[in-house]
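1. Fold the following.
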Amino acid sequence: MSFDCVIDANVCIKLFLIEPLTEQATSLFAHLAGDVPARFFAPDLLYIECANVLWKYVDHYGYRVEAARQDIADILELPIIATPTYELADAALQLAAEQRIAAYDAAYVVLSQRLGLPLVTADERLLHRLRQTGLDLRWLGDWP
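-> You can find the predicted model right below:
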């Protein structure tokens, strides 16, 4: 059985940078190559968010630009089904205003709602903020 879900940039970037929850992200992404491959969805915003995290590693931690460029090339090759953010912007703004979260975070949540799939995230602040809403958010740390 495959595990289809929406993933956010916090989950995706952990495949490329050694951070807490990297092991869980690797385990989750292994399902893309299963007998019945999982399908991962994300707003197309994921790519620029990952690029920004990589830039921060270059700027603050001495991560090599060449390594960051290879990482973003590899991210672009992942079989993530991307949804244009313009399709999510209005609903994301509404959810952001209702829940007092960033509109870019809300874009992932809105996509999750539209597809009827869980959002897997490593963003503790987002989970905390939305814990009482009944939305299907899953903590990456709970992934086996």
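2. okay, CA-based contacts and neighbour counts for the rest of this
-> Will do.
3. For the one helix or strand Asp90 maps to, could you pull out the residues that count as buried?
-> For Asp90, the host element (DSSP states H and E) is helix 89-99. Of the residues in helix 89-99, Ala89, Ala91, Ala92, Leu93, Leu95, Ala96 count as buried by neighbour count, 16 or more other C-alpha atoms under 10 Å.
4. Quick check: chain neighbours aside, which residue is closest to the second one?
-> Counting by C-alpha to C-alpha, 6 or more residues apart in numbering, Ala91 lies nearest to Val110, which is 6.7 Å off, once chain neighbours are set aside.
5. Report the separation between the one you found and Lys14.
-> Going from Val110 to Lys14 by C-alpha to C-alpha, to the nearest Å gives 22 Å.
6. ok, those two, which is more surrounded?
-> A count of neighbours by other C-alpha atoms under 10 Å puts Val110 above the other of Val110 and Lys14, at 25 against 19.
7. Show me what counts as buried in the host helix or strand of the more buried one.
-> Under the criterion of DSSP H and E, Val110 resides in helix 103-115. For helix 103-115, a neighbour-count test (16+ other C-alpha under 10 Å) marks Ala103, Tyr104, Asp105, Ala106, Ala107, Tyr108, Val109, Val110, Leu111, Ser112 as buried.
8. how about the CA coordinates for the helix holding Asp90, as CSV?
-> The C-alpha atoms that make up helix 89-99 are tabulated as CSV, following Å, rounded to 0.1, in the frame of the first residue of the first chain:
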residue,chain,number,x,y,z
ALA,A,89,-3.3,31.8,-3.0
ASP,A,90,-6.9,32.9,-2.2
ALA,A,91,-7.7,30.0,0.1
ALA,A,92,-4.2,30.2,1.6
LEU,A,93,-4.8,33.9,2.5
GLN,A,94,-8.1,33.1,4.0
LEU,A,95,-6.7,30.2,6.1
ALA,A,96,-3.7,32.3,7.1
ALA,A,97,-5.9,35.1,8.4
GLU,A,98,-8.2,32.6,10.2
GLN,A,99,-5.4,30.7,11.9
